[in-house]
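Participant: pasting the structure only:
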């Protein structure tokens, strides 16, 4: 070999060892790496992928819009609007505030002090304070600390501008929604409200929460460690939010506001010391058209207590007790008396007793019922005292219809005894009075009755006697009105309900409620008779419900007055519960209205009783609701003559036609001046005035008048009141008991005596029939 | 073995001098250059293939960081591309020099290296990520003397082994000179301190000695000595011991010492079988530090998956095996040793880098040849490949085609 000498061929040992190295470095080492990569990338792939994706993605929740609650006319009672939450990420703030970061990269201007004071300044009372935020930032592991919720767009824009101005990485805005209740406190106990997390806490909001809330969606986004979107990376996983369903109620905002208006008036006029509630029900379907409790609260601010309550609570010194008092007061405020509280219905229950008696044929319309003011204890097995009629001198001889008109206890106890305990309970059950009505509202409680064995004890008929005129046992207002509806609607017990329809986010109907007949309790004939007898209670001379009279309509009804048995027994004082349940029109009942007032004070000056305290307001509700529902009034000639008149437009007319027009309306006129045309008139066009009022027209002349002091019209007859006002240049407008009934007098007036009003103003008064007062 | 140890030392040195002179003369003549064959094509093409993939991966791994830090997504890629192209030119130029040229300059290179290593603590610069001065600032780029040191050790050791070829079995010639050089070089490196380079240089020195014929027994002693020293360093230096802790349980300090390892494992593990696709990786968005440097292989795994990562490892393995094949067929001892050294260095770097990113060994800064961003290191790696190619040209073509040597 020519070159072997100079090139020093590697010897065998070098070759051998190189071969070993080749094996180790070329094969073994790579096998180890392959094994390691296999372990990490194939075996443990899922573990690492999950961790990696966890840190690389940011999930932003997209709030579903909560469904709207509508009344039956599609007025929104509760609706959601977009609002914003602001949260900070202590982790990011800490990360981008470090000195090292500030020196190397300068994309973000995060600084705890800057953020805390800046946000606190923008958010003010709507968010956390500067100190609170600095405290939150100490939890540097957290990515999410909420500093403000439910912000309006305007303030959110300020926060956004603040973020952009300082290039903040650790302050974020997320969309959420805010619940608005356009009607404020209206139907508060029905609609209910949501908490800060938009979770339904009361009412429909609570019971239908799962329907209303919808499903939150999310957007999963890949982000760089600094929180910005990855370059050239479009991976985004949308999970669309599904908006909540819309709930449409049977409740009608107009009827509800009418009911609430008169409930408040009744509460005020009668000095009601506890609660009060009113229910308006469609008797044919069981739809609840209105349901209101006196303890109303603003749904937009449901935790705020009335001021007088706050003052009362402020006096409590112990912190824990004060907190508890606040909570108790809130629960009391949110309590739905119409469903959650039971009461002794009193004489209203005579409707049920009468219906049972007629259906069973144990009594007939023209049977004679003699009332000698009391039934001796000896006549009722088990009763220890005599049973008195509310009328101390007794009602004498009377038919069934008259007994109902008189609300005669004696007559109804006799009817009850004739029916017998077993039959009586059978019907009580049939009327659904011993079970919950099943209304789709929260908080319904059940009635309290005697146990079967006690009630049906042949040796003790005292409970049957008490039940016959509605004493001692208790029912809820919703049970009472449902049973009365069954008694007058042809005999069908309906399941009351308030949710009529539920629509999904696309407007597709997913639930539609049809009226549910639970059972037929009495025959249609019996029912019609009961309705007609109730009409007599209101409309006929001597009826105890005359204050519920509405001109043009056949309103029927029954009064109720009880002293609370429990309180009377325990505290030896009387606390009353007065009520009135009306139905109309009696020839074909459409609606029932039950007004219950808890604990009136005799300071009101009004005789304590359902006829005086509750009936007038049920009448007023009927008077507004029936025309609203399109029920045509039919006036008798006498009614026509006494009806309020709407003042026409007279200004601009020639004097002859003006006189004719006034004459046709049954009004009189006082003319001022000599001109041929009417240049002005009092009162103005559209005002309601009592029949026979004297209008004033000006024929080219004018008069200057100072304001007039409103006189006290209390206890004046319609004629007296009209004349008193006329002499002062004022006008009268009446409502309440029929002016046709003798002895009807002014009970209250809309404008307080002594108030100064302009010349020509119309003063509204409420008429009450006080000829026949008593605890009926 | 015994045969070598009994050879007189003088004989070796005496024989060597005239031969050098003769060879030098021949190198300068034109025909000696034309005598050499073409460079080894498989080795050359494998190098180019790996380099190409590496540069592409620098683009993929660096664009996010470049965008956020420099405002230009291709900033690092373009630089790396320029270094790669110029590096390939350097490789080809290096392949033109003769084997003896490298042997002649091996000792001067070692001295030059020692000088630089001695100077770097004084006039070198550090980087914010590392608390040590390891770089010279060349203005357009930085340059790590430790990279040259590796080549210097390979060349000088090969030269010494050839010089003492019959005495390698002795302690005096087979161990001592090498040990002295290693102690000086590593001592200077530890002044910086630069543990990963020290480890690599000790390993490569040992491999050279092993290939050169140093006796097994001395390696046993050497392992004990190095092991002790290593144990001392690891326990006494807080910097090193924290690395050990982070290696054993990266999650004990996930935001500081364990951060790189954890993020690397996330990247590798989330790659799965086929990966997220090139350019589609997510860990490079500032989650994984040094993503286009020491941890570029993690991004490779994330984006190309197990299949892609294995393909790249196989390419490396093929290159390395081809390197050893060339070593085995080299026409002279020096050339064989140099190829063995350079190939082993490549293997060590690849192995340690992948071992680090997969947390097989404690985290330390070892770049992945042809992949990791870094201009001068790439240049030196390509020059090393050029040296291998240069030596390959001495191997007759028929030999390379598998024909038996006559």
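Facilitator: Sure thing, it's come through. Please read all numbers here as calculations on a predicted model, not as lab measurements.

Participant: give the contact list for the residue most central in space within chain B.
Facilitator: Residue closest to the mean C-alpha point of chain B, counted by C-alpha atoms, centre = their mean, is residue B:345 at 4.1 Å. Counting by C-beta atoms under 8 Å, 6 or more residues apart in numbering or on different chains, residue B:345 makes contact with B:150, B:154, B:200, B:204, B:384. Quick note: C-beta positions are derived from backbone N, CA and C, even for glycine.

Participant: quick one, what contacts residue 293?
Facilitator: Here I'm looking at chain A. So residue A:293 contacts A:189, A:275-277, A:335-338 (C-beta under 8 Å, 6+ apart).

Participant: if you could check chain B rather than the one you did, that'd help
Facilitator: Going by C-beta under 8 Å, 6+ apart, the list of residues near residue B:293 reads B:367, B:372-374.

Participant: sec struct for it, please.
Facilitator: For residue B:293, the assignment made with DSSP: H, G, I helix; E, B strand; the rest coil gives coil.

Participant: do you know how far residue B:107 is from residue B:198?
Facilitator: 21 Å (C-beta to C-beta, to the nearest Å).

Participant: of those two, which one has the most company?
Facilitator: residue B:198 (25 against 14; other C-beta atoms under 10 Å in any protein chain shown).

Participant: let me know the secondary structure of that one.
Facilitator: helix.

Participant: quick check: pLDDT value at it.
Facilitator: Listed pLDDT for residue B:198 reads 89.

Participant: please tell me how far it sits from chain A.
Facilitator: According to C-beta to the nearest C-beta, to the nearest Å, residue B:198 stands 19 Å off from chain A.

Participant: contact partners for that residue?
Facilitator: Counting by C-beta under 8 Å, 6+ apart, the residues that residue B:198 touches are B:186, B:189-190.

Participant: that one and residue B:233, how far apart?
Facilitator: 9 Å.

Participant: what do you get for residue B:106?
Facilitator: Here residue B:106 is placed at a distance of 29 Å from residue B:233 (C-beta to C-beta).

Participant: which one's more surrounded, these two?
Facilitator: The neighbour comparison of residue B:106 against residue B:233 (other C-beta under 10 Å) goes to residue B:106, with 22 against 16.

Participant: hmm, back to that, return the subset of the contacts of residue B:345 lying in helices.
Facilitator: B:150, B:154, B:200, B:204, B:384 (DSSP state H).

Participant: and the furthest pair within the residues you listed?
Facilitator: Of all pairs drawn from those, the greatest distance, 13.1 Å, lies between B:200 and B:384 (C-beta to C-beta).

Participant: quick one on the thing from earlier: a helix runs through the residue nearest to the centre of chain B, doesn't it?
Facilitator: Yes. Assessed by three-state DSSP, residue B:345 belongs to a helix.

Participant: thought residue A:140 was touching residue A:90?
Facilitator: Yes. Between residue A:140 and residue A:90 there is a contact under C-beta atoms under 8 Å: 5.0 Å.

Participant: next SSE after the lowest-mean-pLDDT helix or strand in chain A?
Facilitator: Every helix and strand in chain A was compared by mean pLDDT, DSSP states H and E; the lowest is helix A:4-7, with a mean of 42. Per DSSP states H and E, the first helix or strand lying C-terminal to helix A:4-7 is helix A:12-23.

Participant: any part of that following helix near chain B?
Facilitator: Yes. Between helix A:12-23 and chain B, judged by C-beta under 8 Å from any C-beta of the partner chain, the touching residues are A:13-15, A:17-19, A:21-22.

Participant: how about that helix: buried residues?
Facilitator: A:14-15, A:17-18, A:21-22 (16 or more other C-beta atoms under 10 Å in any protein chain shown).

Participant: now render those residues as JSON lines, adding pLDDT.
Facilitator: Putting the buried residues of helix A:12-23 into JSON lines (pLDDT from 0 to 100) gives the following:
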{"residue": "A:14", "pLDDT": "84"}
{"residue": "A:15", "pLDDT": "87"}
{"residue": "A:17", "pLDDT": "90"}
{"residue": "A:18", "pLDDT": "90"}
{"residue": "A:21", "pLDDT": "91"}
{"residue": "A:22", "pLDDT": "91"}
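
Participant: wait, which of these is closest to chain B?
Facilitator: Distance to chain B across the buried residues of helix A:12-23 (C-beta to the nearest C-beta) is lowest for residue A:22, with 3.4 Å.

Participant: does that closest one touch residue B:329 like I think?
Facilitator: No. At 11.9 Å, residue A:22 does not count as touching residue B:329 under the criterion of C-beta under 8 Å.

Participant: number of residues surrounding residue 121?
Facilitator: By default, I'm working from chain A. Neighbour number of residue A:121 under other C-beta under 10 Å is 11.

Participant: let's do chain B instead
Facilitator: Counted with other C-beta under 10 Å, residue B:121 comes out at 14.

Participant: just the element for it, please.
Facilitator: helix B:99-123.

Participant: return the set of buried residues in that helix.
Facilitator: B:99-100, B:102-106, B:109-110, B:113-114, B:116-117, B:120.

Participant: from those, pick the one nearest residue A:736.
Facilitator: residue B:120 (107.9 Å).

Participant: quick one: that closest one and chain A, what's the gap?
Facilitator: For residue B:120, the distance to chain A - C-beta to the nearest C-beta - is 24 Å.

Participant: about what we covered before: who has more neighbours, residue B:200 and residue B:384?
Facilitator: residue B:384 (26 against 23).

Participant: in the stretch 1-150 of chain A, what residue comes closest to chain B?
Facilitator: residue A:48 (2.2 Å).

Participant: which stretches of the chain have low pLDDT?
Facilitator: In the absence of a named chain, this looks at chain A. Applying pLDDT under 70 to chain A flags the ranges A:1-9, A:103-106, A:227, A:232-236, A:740-741.

Participant: sorry, I should have been clearer: chain B.
Facilitator: B:1-35, B:126-132, B:397-406.

Participant: give me the longest helix you can find in it.
Facilitator: helix B:296-329.

Participant: for chain A, what's its nearest residue on the stretch 201-350 of chain B.
Facilitator: residue B:269 (2.2 Å).

Participant: just how off-centre is the strand or helix carrying that residue within its chain?
Facilitator: Using DSSP H and E, residue B:269 maps to helix B:259-271. Taking C-alpha atoms, centre = their mean, to the nearest Å, the mean C-alpha location of helix B:259-271 is offset from the chain mean by 25 Å.

Participant: do I have it right that residue A:155 meets residue A:126?
Facilitator: Yes. Proximity of residue A:155 to residue A:126 meets the contact threshold set by C-beta under 8 Å, at 6.7 Å.

Participant: packing partners for the helix holding residue B:121?
Facilitator: Under the contact definition 3 or more C-beta pairs under 8 Å, 6 or more residues apart in numbering or on different chains; DSSP states H and E, helix B:99-123 sits against helix B:9-28, strand B:130-137, helix B:145-163, helix B:176-191, helix B:333-357, helix B:375-392.
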